[in-house]
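Asker: Got a sequence here, can you model it:
(one chain, ligands or ions: 1)
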Amino acid sequence: MTTAEFAPVVPGFHPDPSVCRVGDDYYLAHSTFEYVPGVPIRHSRDLVTWTLVGHVLTRDAQFPAARSRASGGIYAPTLRHHDGRFWLIVTDVGDGGGQRLFHAPAAEGPWSDAIVLRGLDGIDPDLAWTEDGTCLVSYCSWADGGSAIWQAAIDPLAGLVLDEPRVIWRGSPDMGHTEGPHLYRRGDWWYLVTAEGGTERGHGISAVRSRDPRGPFEAPPSNPIYTHRSTEHPVQNVGHADLVERVDGSWAAVHLGVRTAGYTPSFHVNGRETFLAEVDWRDDWPVIRPSDAEVPPVTGFVDRFDALGPRWVSPGAWPERFARAGADGLEVEAAEGSGVYARVEALSWEARVEIETPDAVAHVEVRLDDRHRVGVRRDGSRATATWTVGGVDVVLGEADDPDGIVWIDSVPSETAGPDDLVLAVGADRRALGRIDGRYLSTEVATGFTGRVLGIRVERGAARVREVRFAPR
Ligand code: 6LW
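Answerer: Presented below is the predicted three-dimensional model:
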């Protein structure tokens, strides 16, 4: 067991966490970009162990998935509970501006169709209700030059903007990329917490306060109030926090961070993950400190597909339209280059896939996007290890594999990278190729997601009997 300072409470690509509490229950949402179903909702009673209970975005009427480019689509959400109803607001950056609101009677859903708010062009929208019931949306926009936090009052059910959007905070003087705003009421103060410095190594969490939720806001003696920038901490890029008050009156924060590995500039491969921190209050200012909560280790899974479970997501296409689970495993058809994938949640692991491609061509692969992926292409029983880097396809090796077993292993790097990825086939695990894992890291590929493992069909229909994923 390790503590929440070093181990994510939600591992794998789960960026931009937003948390709310209803009684003794906590709920957590994340950004999902081009992947659908989108915006997973998790439940916890302790902020440490989380259970996936559903997704907000499950159909085109909410989010036309096919139009999203890599790392486009669904950016940072805010999840809140008000007047007995769950609310989620989020930006679909492929929608040419505007924010999307969804509501549901329960966190598990069913979630409404999108209520589209026009005229609030920016990202990272937040929802907060004032004492008189006014609903305020605060969001990051570059509408008048640099990034700043803007705000407007809305009618959330009607999707109407009720007043002229205005800047409420232009950010800390020495930090750019003022994003991810969240507004909280505590005592006589309203706090505006933001992410600043950009979601890379300079990332941090800042806070300002006002007696009025509309501002003007005053800064503390110094911002950011929490960051790992310029430190040797193994968790970097810390920022984009959402605070929550526990039943006992103590406060906590969920925030994103990355686990880096390899020689400078060091690399993160599983995207931005969710970490937990503690929040104290001094002179009515939030003071964030690491959490010493024990985080259970990442468990693997064995899936024989008696159902297509919620861990399986697809870039730009709804998985249920081309993948069907049943007694004989998962039948996967070609779907314009998409596939079914699970987030990689461990830093060192092995995967084993049993797959039949009698008259099909299918890929068992790890991907960041279509230009950065590695795997085994099966055409009938011919297996070819292929690697796509910067859009260039490289054949690493090939062999006949009548067994229909593909192995992908993340093993310690031999070249100061974050890991090496080893491809093998057959019951005897014949190695076909090995690549430096840095080429499947965000530092090389760019973007906002992280590694996913899955199956993509090029032609025909493949049958996946079993997928095993085990951390080392
Ligand atoms: C998100 C912004 C950010 O909207 O990255 O961490 C963007 N910072 O707040 C995508 O995750």
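Asker: so where's this structure uncertain?
Answerer: 1 (pLDDT under 70).
Asker: Tell me which residue of it lies closest to the ligand.
Answerer: Distances between the chain and the ligand by CB to the nearest ligand atom are smallest at residue 199, namely 3.3 Å. C-beta: built from backbone N, CA, C; applies to glycine.
Asker: Help me confirm that that residue comes into contact with residue 236.
Answerer: No. Contact status for residue 199 versus residue 236: not in contact, 10.6 Å apart, counting by CB atoms under 8 Å.
Asker: SS state for the residue of the chain closest to the ligand?
Answerer: Of the three states, residue 199 takes coil under DSSP: H, G, I helix; E, B strand; the rest coil.
Asker: Who are the contact partners of it?
Answerer: Residues near residue 199 by CB atoms under 8 Å, 6 or more residues apart in numbering: 15, 177, 179, 237, 239, 240, 256, 272, 448.
Asker: and the gap between the fifth one and residue 329?
Answerer: What it means is residue 239. From residue 239 across to residue 329, the span is 41 Å (CB to CB, to the nearest Å).
Asker: Which of those two has more residues huddled nearby?
Answerer: Between residue 239 and residue 329, residue 239 has the larger neighbour count (other CB atoms under 10 Å), namely 30 against 21.
Asker: returning to that earlier point: any residues in contact with both of residue 199 and residue 236?
Answerer: What both residue 199 and residue 236 touch, as defined by CB under 8 Å, 6+ apart, is an empty set.
Asker: Around the ligand, which positions in this protein sit nearby?
Answerer: Contact residues, the chain versus the ligand (CB under 6 Å from any ligand atom): 15-16, 31, 75-76, 123-124, 179-180, 195, 199, 239-240, 448.
Asker: quick one: the helices in this structure?
Answerer: Residue ranges of the helices in the chain, as given by DSSP state H, are 442-445.
Asker: returning to what we had before: TSV for the contacts of residue 199, including distance to residue 167?
Answerer: Formatted as TSV, the contacts of residue 199 follow (distance: CB to CB, whole Å):
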residue	distance to residue 167
15	25
177	16
179	14
237	26
239	21
240	20
256	25
272	27
448	25
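Asker: Nearest to residue 375 among the residues you listed?
Answerer: Nearest to residue 375 out of the contacts of residue 199 is residue 448 (CB to CB; 21.9 Å).
Asker: Surely that closest one touches residue 33?
Answerer: Yes. When contacts are counted by CB under 8 Å, residue 448 is listed as touching residue 33 (5.7 Å).
Asker: Compare the two and say which one has the larger neighbour count.
Answerer: Remark: of residue 448 and residue 33, residue 33 carries more neighbours, 27 against 22, as counted by other CB under 10 Å.
Asker: Tell me the bridge partners for the more buried one.
Answerer: residue 74 (DSSP bridges).
Asker: wait, what's in contact with residue 62?
Answerer: 56, 100, 102, 111, 113, 114.
Asker: For the nearest residue in space to the last one that is not next to it in sequence, grab the count of nearby residues.
Answerer: Closest residue to residue 114 apart from its sequence neighbours, by CB to CB, 6 or more residues apart in numbering: residue 100 at 4.5 Å. Other residues within reach of residue 100, judged by other CB under 10 Å, total 23.
Asker: does residue 100 really touch residue 113, like I thought?
Answerer: No. Contact criterion CB under 8 Å: residue 100 and residue 113 do not qualify, at 9.6 Å.
Asker: In strands, which of the residues of the chain next to the ligand fall?
Answerer: 123, 124, 179, 180, 195, 239, 240 (DSSP state E).
Asker: Now the buried members of the residues you listed.
Answerer: 123, 124, 179, 180, 195, 239, 240 (16 or more other CB atoms under 10 Å).
Asker: contacting residues around the fourth one?
Answerer: This points to residue 180. 16, 76, 124, 140, 194, 195, 239, 240, 241.
Asker: for residue 76, same thing?
Answerer: 15, 16, 18, 31, 90, 91, 123, 124, 179, 180, 240.
Asker: any idea what sits nearest it, other than its immediate chain neighbours?
Answerer: Nearest one to residue 76, counting by CB to CB, 6+ apart, is residue 16 at 3.6 Å.
Asker: okay, now that neighbour: neighbour count?
Answerer: 31.
Asker: before we move on, what about residue 283?
Answerer: By other CB under 10 Å, neighbour count at residue 283 equals 7.
Asker: Residue 177 versus the residue nearest to residue 335 when sequence neighbours are not counted, what's the distance?
Answerer: The spatially closest residue to residue 335, leaving aside those adjacent along the chain, is residue 322, at 3.8 Å (CB to CB, 6+ apart). Residue 322 sits at a distance of 37 Å from residue 177 (criterion: CB to CB).
Asker: Repeat that for residue 163.
Answerer: 26 Å.
Asker: for residue 405, same thing?
Answerer: Distance of residue 405 to residue 177, computed by CB to CB: 46 Å.
Asker: mind giving me the domain ranges of this protein?
Answerer: 2-295, 301-471 (automatic domain parsing).
Asker: can you give me the offset of the first one from its chain's centre?
Answerer: Remark: domain 2-295 is offset 12 Å from the chain centroid, using CA atoms, centre = their mean, to the nearest Å.
Asker: gap between the two ends of it?
Answerer: 6 Å (CA to CA, to the nearest Å).
Asker: before we move on, what about the last one?
Answerer: Between the opening and closing residues of domain 301-471 lies a distance of 9 Å (CA to CA).
Asker: How about stretch 111-128?
Answerer: 19 Å.
Asker: So which bits of that stretch are buried?
Answerer: 111-112, 114-115, 117, 120-128.
Asker: could these go into CSV alongside distance to residue 376?
Answerer: Listed next are the buried residues of stretch 111-128 as CSV, based on distance: CB to CB, whole Å:
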residue, distance to residue 376
111, 37
112, 42
114, 39
115, 44
117, 45
120, 46
121, 44
122, 42
123, 37
124, 39
125, 41
126, 44
127, 45
128, 49
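Asker: Tell me which of those residues fall in strands.
Answerer: 115, 117, 123, 124, 125, 126, 127, 128.
Asker: Show me what the second one is bridged to.
Answerer: Meaning residue 117. residue 99.
Asker: Correct me if wrong: it contacts residue 99.
Answerer: Yes. Using CB under 8 Å, residue 117 is in contact with residue 99, at 4.5 Å.
Asker: what residues are shared contacts of those two?
Answerer: 89, 137.
Asker: Just the strands from the stretch 301-450 of the chain, written as ranges.
Answerer: 301-303, 314-315, 323-326, 329-333, 339-343, 349-356, 361-369, 372-379, 382-389, 392-400, 405-411, 420-425, 430-436 (DSSP state E, counting those that start in this stretch).
Asker: what pairs with the first one, and is each one parallel or antiparallel?
Answerer: With DSSP bridges as the criterion, the sheet partners recorded for strand 301-303 are strand 461-471 (antiparallel).
Asker: Outside of the strand it pairs with itself, list whatever touches it.
Answerer: By CB under 8 Å, 6+ apart, the list of residues contacting strand 461-471 reads 297-305, 328-334, 342, 344-346, 348-357, 360, 362, 378, 404, 453, 455.
Asker: Thanks a lot, catch you later.
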